[in-house]
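A.B. asks: What follows is a predicted protein model with its sequence.
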Amino acid sequence: MSDREKKFSGKTLNDILQFVAPGAPIREGIENVLRAKTGGLIVVGHNDKVKEVIDGGFYIHSAFSPAHLYELAKMDGAIILSDSGNKIVFANAQLVPDSSIISSETGMRHRTAERVAKQTGNLVIAISQRRNVITLYHGELRYVLRDIGVILTKANQAIQTLEKYKSVLDQSIVNLGALELEEMVTFRDVLQVLHRFEMVLRIKNEINDYVNELGAEGHLIRLQLTELLSNFEEEAALLIRDYKYGSGNDHYPILKQLQDLSSLDLLEDAILLKLLGYSPFTNIDEVIMSRGYRILHKIPRLPGIIIEKLVTKFLNLKLILRASVEQLDEVDGIGEVRAKKIKEGLKRLHDQLDIDRQI
Ligand SMILES: Nc1ncnc2c1ncn2[C@@H]1O[C@H](COP(=O)(O)OP(=O)(O)OP(=O)(O)O)[C@@H](O)[C@H]1O
């Protein structure tokens with residue numbers, strides 16, 4: 001599990017980053033305080049644990065507004081917001097957390113923020129007066145918000161990298177398709193495509209993290225990501241369906257596992273083989289037969305239910321390719337016209353993949 005997916009008092013870092021992302025009123029308030037250089041200490045949530053550490057101050061009970069937060073930050077002490085952040089509950093509060101809680105911070109504001117977060121499990125935001133930094137504390141988590149310009153540059157670089165990897169992936173999918181229609185696919189070919197899917201997933205995860213942190217500022221990046229990866233998940237699920245061991249309907253759970261794993265280490269062949277349900281010691285130069293789901297989905301106007309029936313009857317692409325029009329006609333829902341269309345479609349696909357392939 002990546003740091004961003006780890007739960008801290010029930011919330012992940014991504015949840016917290018979305019809560020304070022640009023576009024959210026609380027972020028506008030925080031940015032105002034940062035620019036005014038007054039510094040600030042904000043606790044989100046006013047529960048019993050928080051009440052225990054408050055000394056002094058006064059109740060406000062007003063709706064949250066960025067301007068209001070900025071005005072209150074001019075006073076000393078902490079501001080306490082409601083759980084959802086839509087109310088300012090308390091201001092000018094002296095916070096007195098347990099001093100035996102270990103803190104790595106030196107300044108009093110940040111030490112207090114870290115200790116209160118650890119003691120209460122609430123989100124605490126420290127806005128530094130001198131260093132132009134916003135630090136988030138939540139339970140054991142400490143995260144310094146990065147400059148939006150820096151994240152945008154990184155996100156744009158990641159999009160360019162994604163474009164390159166995506167085109168490498170697309171080419172390897174074309175090559176695989178050509179091999180499938182020639183019945184010459186080995187485990188090695190399938191694993192190579194899966195590795196490329198994995199690389200694309202890895203960059204997608206990274207960009208998603210940037211998008212979360214960018215909030216409204218990440219709109220264009222989000223659009224580019226969606227555009228670049230349209231059909232990506234479906235293609236990956238069909239590939240898994242074609243090659244996984246056993247014919248059960250667990251291709252999406254396997255894809256989810258691949259997604260989860262790819263946010264950690266680069267996956268080895270043995271892990272991918274296991275994910276597909278094979279022994280990690282499988283000889284990867286052995287020939288493997290596609291069931292045909294992915295290729296059949298490329299034939300225009302061929303409904304999913306018919307594809308399902310074709311694979312159930314013929315078991316793999318090799319036997320579907322070798323079936324005559326009469327044999328295809330025997331499948332429920334396929335008449336002579338459709339049987340011919342399937343044969344023509346497969347032939348056309350083969351010709352096209354032969355032109356586009358690079359092996
Ligand atoms: N326990 C506390 N409760 C509420 N507010 C506090 C507490 N401790 C410090 N502060 C606030 O933080 C302000 C700055 O303290 P200090 O300079 O020691 O912190 P810092 O962590 O170095 O932060 P900065 O980077 O903003 O200077 C204080 O003036 C006060 O308003």
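C.D. replies: Looks like it came in fine.
A.B. asks: which parts of the stretch 51-200 of the chain sit against the ligand?
C.D. replies: 76-78, 94-95, 107-110, 112, 128-131 (CB under 6 Å from any ligand atom). For glycine as for every other residue, the C-beta is placed from the backbone atoms N, C-alpha and C.
A.B. asks: Quick check: the two most widely separated of those?
C.D. replies: Pairwise distances across these peak at 22.3 Å for 94 and 131 (criterion: CB to CB).
A.B. asks: can you map out the helices along the stretch 1-150 of the chain?
C.D. replies: 13-19, 25-36, 48-53, 66-73, 108-120, 148-181 (DSSP state H, counting those that start in this stretch).
A.B. asks: which residue does the stretch 251-359 of the chain bring closest to the ligand?
C.D. replies: residue 263 (33.1 Å; CB to the nearest ligand atom).
A.B. asks: Go through the chain and flag its longest strand.
C.D. replies: Across the chain, the longest stretch assigned as strand under DSSP state E is strand 87-95.
A.B. asks: what mean pLDDT does that one have?
C.D. replies: For strand 87-95, the mean pLDDT works out to 96.
A.B. asks: One more: stretch 57-72?
C.D. replies: Averaged over stretch 57-72, pLDDT sits at 94.
A.B. asks: quick one: buried residues of that stretch?
C.D. replies: Residues of stretch 57-72 classed as buried: 57, 60, 64, 66, 68-72 (neighbour count, 16 or more other CB atoms under 10 Å).
A.B. asks: for the residue of the stretch 101-250 of the chain found nearest the ligand, what are its contacts?
C.D. replies: Per CB to the nearest ligand atom, residue 107 is where the stretch 101-250 of the chain lies closest to the ligand, at 2.0 Å. Listed by CB atoms under 8 Å, 6 or more residues apart in numbering, the contact partners of residue 107 are residue 128.
A.B. asks: how would you label the spatially most central residue of the chain: helix, strand or coil?
C.D. replies: The chain has residue 205 as the residue nearest its centroid, 4.3 Å off, counting by CA atoms, centre = their mean. Here residue 205 is recorded as helix under DSSP: H, G, I helix; E, B strand; the rest coil.
A.B. asks: That one: what's its closest spatial neighbour, skipping adjacent residues?
C.D. replies: Spatially, and ignoring its direct neighbours in sequence, residue 205 is nearest to residue 263 (5.0 Å; CB to CB, 6 or more residues apart in numbering).
A.B. asks: Name the helix or strand for that neighbour, please.
C.D. replies: Under DSSP states H and E, no helix or strand contains residue 263.
A.B. asks: Might one say that it is in contact with residue 204?
C.D. replies: No. Residue 263 is beyond contact range of residue 204, at 9.9 Å (criterion: CB atoms under 8 Å).
A.B. asks: For those two, work out which one has more neighbours and name it.
C.D. replies: residue 204 (22 against 18; other CB atoms under 10 Å).
A.B. asks: how far away is that one from residue 94?
C.D. replies: Separation of residue 204 from residue 94 (CB to CB, to the nearest Å): 46 Å.
A.B. asks: Tell me how many other residues surround residue 248.
C.D. replies: For residue 248, using other CB under 10 Å, the count is 11.
A.B. asks: is it fair to say it lies in a helix?
C.D. replies: No. Read with three-state DSSP, residue 248 is coil and lies in no helix.
A.B. asks: tally of neighbours for residue 301?
C.D. replies: Neighbours of residue 301 under the rule other CB under 10 Å: 8.
A.B. asks: List the contacts of it.
C.D. replies: Residues near residue 301 by CB under 8 Å, 6+ apart: residue 341.
A.B. asks: So it, which state does it fall into?
C.D. replies: Following three-state DSSP, we place residue 301 in the coil state.
A.B. asks: start to end distance for stretch 116-133?
C.D. replies: Start and end residues of stretch 116-133 are separated by 19 Å (CA to CA, to the nearest Å).
A.B. asks: Okay, buried residues for it please.
C.D. replies: Buried-residue list, stretch 116-133, by 16+ other CB under 10 Å: 116-129.
A.B. asks: Same question for stretch 209-227.
C.D. replies: Quick answer for stretch 209-227 (16+ other CB under 10 Å): 209-215, 217-218, 221-222, 224-225.
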